[in-house]
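Student: sharing a sequence plus its predicted fold:
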Amino acid sequence: MPTYEYQCQSCKKIFTVVMSISEYEKGKVKCPKCGKGRVKQQITEFMVQTSKKS
């Protein structure tokens, strides 16, 4: 499942959420610290891991 990083606009906590794409599309993310829904998604780096077959 994809990992998304958010920052709460109320308490400024940065947190990571692992959720499916369908959950992400609903957009109902709340801050785990203060419980408010005023969150902004952060731009993060990602890494693709592939398997090599010899």
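Tutor: Thanks, I have it.
Student: quick one: low-confidence parts of this protein?
Tutor: Within the chain, the ranges that satisfy pLDDT under 70 run 47, 54.
Student: at 80 instead, please
Tutor: Within the chain, the stretches with pLDDT under 80 are 1, 44-54.
Student: and the strands in it?
Tutor: With DSSP state E as the criterion, the chain has strands at 3-8, 14-18, 39-41.
Student: quick check: residue 3 vs residue 44, distance?
Tutor: Distance of residue 3 to residue 44, given as Cβ to Cβ, to the nearest Å: 8 Å. All C-beta atoms are positioned from the backbone trio N, CA, C, and that covers glycine.
Student: thinking again about what came up before, most tightly packed of the strands of the chain?
Tutor: Comparing those by mean neighbour count (mean count of other Cβ atoms under 10 Å), strand 3-8 comes out on top with a mean of 16.
Student: residue 11: neighbour count?
Tutor: 12 (other Cβ atoms under 10 Å).
Student: alright, that wraps it up for me.
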